[in-house]
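Q: Take this sequence and fold it.
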Amino acid sequence: MIAAGNINITRVERSKLKDTNLTNIPFGKYFTDHMLEVDYEDGEWKNAEIKPYQPLLLEPSLAALHYGMAIFEGIKAYKNEEGEAFIFRPLDNFKRFNASAERMQMPQVPEELFMEGMRTLINLDKNWIPQQPDHSLYIRPFMFSSDEMIGVRPSDKYKFLIILSPTGPYYSAPMRIYVEEHYVRAAPGGVGYAKAAGNYGSAMYATAQAKLKGYDQVLWMDAYEHKYVQECGTMNVFFIIGNKAITPGLEQGTILAGVTRDSAIAVLKEMGFDVEERNLSINDIIDAYKAGVLYEVFGTGTAATISLIKELGYKDFTMSFDVEKWQTAPELKRRLNAIRYGQMPDNHGWMYKI
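A: Here you go, the predicted model:
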């Protein structure tokens with residue numbers, strides 16, 4: 001096993017930060033000075049190094065390119081008002097990363113390598129963490145098969161990397177969402193619960209078709225009846241109906257167990273809501289809307305944080321919401337941000353200090 005102290009570090013000669021404006025920076029476009037790279041060969045992790053961010057030299061026969069053997073995570077780091085850097089719930093992402101690895105027949109990444117490699121990398125590039133509201137340092141751990149041969153089987157070699165990207169809001173405005181009835185994100189027994197690269201690639205066609213209709217994203221439904229709500233684009237989704245907050249359950253393995261989702265559930269309970277994790281049909285949603293008790297709909301995710309949904313389109317029926325009058329989602333976002341930026345006590349132990 002590679003100990004954190006055995007990670008070789010090569011620093012950049014000149015930081016790119018001097019040429020980068022971190023104000024209103026778009027999501028995923030700019031990357032920090034350094035990255036972590038580790039190899040898995042002969043049944044063990046080796047060659048751990050933090051080095052200047054740079055291209056990878058890969059063979060055309062790389063197994064990951066042919067068979068989609070790749071997983072990733074999304075995590076964020078923040079600075080408090082004193083300039084101290086913290087990561088939000090990284091251990092939960094570590095556990096989910098290895099759950100994805102198991103589903104994809106990839107090796108487990110040791111906790112010390114994942115956590116201390118991340119901490120060391122961020123500590124090196126912590127000046128890249130923006131301090132403006134709704135800004136953060138996005139952390140992207142990922143792993144892919146690095147076998148240099150074509151053959152459908154679990155690989156012998158893998159690469160694990162972490163790259164960092166300063167970012168602003170992912171969705172900057174309330175969204176219009178199309179309820180998808182034909183295309184499916186995941187089915188029971190599939191890889192919906194894993195953060196596998198192919199889950200996102202396969203969603204792009206349906207999303208593009210929704211955008212042609214004037215929508216921003218799709219609300220996925222179940223694979224069998226196209227009746228029960230699943231995820232919303234790249235987010236988990238919540239519905240405030242009466243005095244309850246309802247979000248789809250995880251039992252069928254078709255929905256990603258979002259860390260922000262779990263955080264939102266905890267905070268919503270603190271706000272006095274009954275939170276239900278269960279099947280919710282589109283017909284029940286429409287009935288609640290017509291009865292005037294569907295008060296708010298919003299998505300949650302690491303990249304998206306809390307994203308308001310101002311319109312749901314299903315067949316020929318449109319559900320529109322006046323998001324300016326909403327109280328729950330804005331307050332949920334305020335409380336989560338206050339914890340992340342050190343403006344209120346972290347009673348849950350979510351913040352991991354760099």
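Q: Show me the contact partners of the helix or strand that contains Asn47.
A: Following DSSP states H and E, one finds Asn47 within strand 44-52. For strand 44-52, contacts defined as C-beta atoms under 8 Å, 6 or more residues apart in numbering pick out 1-2, 6-12, 33-40, 107, 109-110, 113, 117, 120-121, 124, 160. In this view, the C-beta of every residue, glycine as well, is placed from N, C-alpha and C.
Q: go on, stretch 213-223?
A: So stretch 213-223 is contacted by 171, 175-181, 183-188, 203, 206-207, 210, 227-234, 237, 254, 282, 312-313 (C-beta under 8 Å, 6+ apart).
Q: how close does the residue of the chain most remote from its centre sit to Phe31?
A: Largest separation from the mean C-alpha position in the chain: Ala291, at 33.5 Å (C-alpha atoms, centre = their mean). According to C-beta to C-beta, to the nearest Å, Ala291 and Phe31 sit 48 Å apart.
Q: I'd like to know which of the contacts of strand 44-52 are part of helices.
A: 113, 117, 120-121, 124 (DSSP state H).
Q: Nearest residue to Ala338 in space, ignoring adjacent ones along the chain?
A: Leaving out its chain neighbours, the residue that sits closest to Ala338 by C-beta to C-beta, 6 or more residues apart in numbering is Met344, at 4.1 Å.
Q: quick one, phi/psi of the one you found?
A: With angles defined as degrees, to the nearest 10, Met344 sits at phi -150, psi 160.
Q: ok so, going back, can you say which of the contacts of strand 44-52 are buried?
A: Burial by neighbour count, judged by 16 or more other C-beta atoms under 10 Å, picks out 2, 7, 12, 33-40, 107, 109-110, 113, 117, 120-121, 124, 160 from those.
Q: Filter the residues you listed down to the ones in strands?
A: Members of these lying in strands (criterion: DSSP state E): 34-40, 160.
Q: doesn't Val12 make contact with Glu34?
A: One correction, residue 34 is His, not Glu. Yes. In this structure, His34 is within contact of Val12 by C-beta atoms under 8 Å, at 6.7 Å.
Q: Mark which of the contacts of stretch 213-223 are buried, thanks.
A: The buried subset of these (16+ other C-beta under 10 Å) comprises 171, 175-180, 183-186, 203, 206-207, 210, 228-234, 237, 254, 282, 312-313.
Q: Can you spell out the domain ranges of the protein, please?
A: Split into domains by automatic domain parsing, the chain comes to 4-169, 175-337.
Q: Of those, which is nearest Met351?
A: domain 4-169 (4.2 Å; C-beta to C-beta).
Q: can you give me how far stretch 49-64 is from the chain middle?
A: 23 Å (C-alpha atoms, centre = their mean, to the nearest Å).
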